[in-house]
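Trainee: coordinates only, no sequence provided:
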């Protein structure tokens, strides 16, 4: 992330995620699955009062602490079980491409719901179910991309893939599974975003051209009811 080799976050997802978060000044925020803390630092830069980043990967938390400031802190913990966090602690929570890596996203959703204040919001960025259901490009004889393959959509299992020579495992789930999981936890879905790129963004991130053709990601804006 710090080397800038993956342009998806800075070139595509950061702006709509920050727009979904809205004005964060003075807020207490939970970053559920914070990695090395990059998005936590973006929220601090926008005057969040306190940001807690939680991740199960200790090397990532150690890396986050290298750049830690006065307003952000980091803990090694399983976001599927946040027993150490009190009810109604946070004004806002974010999950930036983390729920799609969790064996039990519903457990994380319930925990976030519990730790949010009434009226608090949860912003979730996931792989789009259209892409996690295979997601490879069908190519013609010339090697040109024709369309993305959608297959085994209703087979909700873990999927394995490689990016930048690193092996990854994530979990494919249907759109209905995600939305019904959020609703079952008690959240109200206030908006859904399917980010794409503008021509201006493409001038800086030409490798994101595919984003004009198919949705790679989806952002859910959720709210805990006020009563």
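Mentor: Yep, it's here. This one's a predicted model, so the numbers in the text were calculated from it and none came from an experiment.
Trainee: would you list every one of the helices in the chain?
Mentor: Remark: helices assigned in the chain by DSSP state H are 8, 14-21, 38-45, 58-66, 105-115, 129-132, 175-185, 199-204.
Trainee: center of this protein, which residue is that?
Mentor: residue 96 (2.1 Å; C-alpha atoms, centre = their mean).
Trainee: in the sheet, who's paired with that residue?
Mentor: residue 125 (DSSP bridges).
Trainee: I'd like the distance between it and residue 185.
Mentor: 19 Å (C-beta to C-beta, to the nearest Å). All C-beta spots, glycine's among them, are computed from the backbone N, C-alpha and C.
Trainee: sorry, back to before: pretty sure the residue nearest to the centre of the chain is touching residue 33, no?
Mentor: Yes: assessed by C-beta atoms under 8 Å, residue 96 is found in contact with residue 33 at 7.2 Å.
Trainee: where does the chain have low pLDDT?
Mentor: Residue ranges of the chain with pLDDT under 70: 1-6, 163-164.
Trainee: and for it, the residue most distant from the center?
Mentor: residue 141 (35.6 Å).
Trainee: and residue 67, its phi and psi?
Mentor: Residue 67 adopts backbone torsions of phi -110, psi 20, taken as degrees, to the nearest 10.
Trainee: so it touches residue 42, yeah?
Mentor: No: using C-beta under 8 Å, residue 67 makes no contact with residue 42, being 11.8 Å away.
Trainee: so for the two, which sits in the more crowded spot?
Mentor: residue 42 (21 against 14; other C-beta atoms under 10 Å).
Trainee: what about that one, distance to residue 125?
Mentor: In terms of C-beta to C-beta, residue 42 sits 13 Å off from residue 125.
Trainee: can you pull up the bridge partners for residue 158?
Mentor: residue 171.
Trainee: which residues does it contact?
Mentor: The contact partners of residue 158, by C-beta atoms under 8 Å, 6 or more residues apart in numbering, come to 103, 169-172.
Trainee: try residue 125
Mentor: 13, 17, 94-97, 217-219.
Trainee: any idea how far it is from residue 95?
Mentor: 7 Å.
Trainee: just residue 175 next, same as before
Mentor: Where residue 95 is concerned, residue 175 sits at a distance of 16 Å (C-beta to C-beta).
Trainee: looking at these two, which one has more neighbours?
Mentor: When neighbours are counted by other C-beta under 10 Å, residue 175 and residue 95 differ, and residue 95 comes out ahead with 27 against 14.
Trainee: which residues touch that one?
Mentor: Here residue 95 is in contact with 31-33, 79, 108, 112, 122-126 (criterion: C-beta under 8 Å, 6+ apart).
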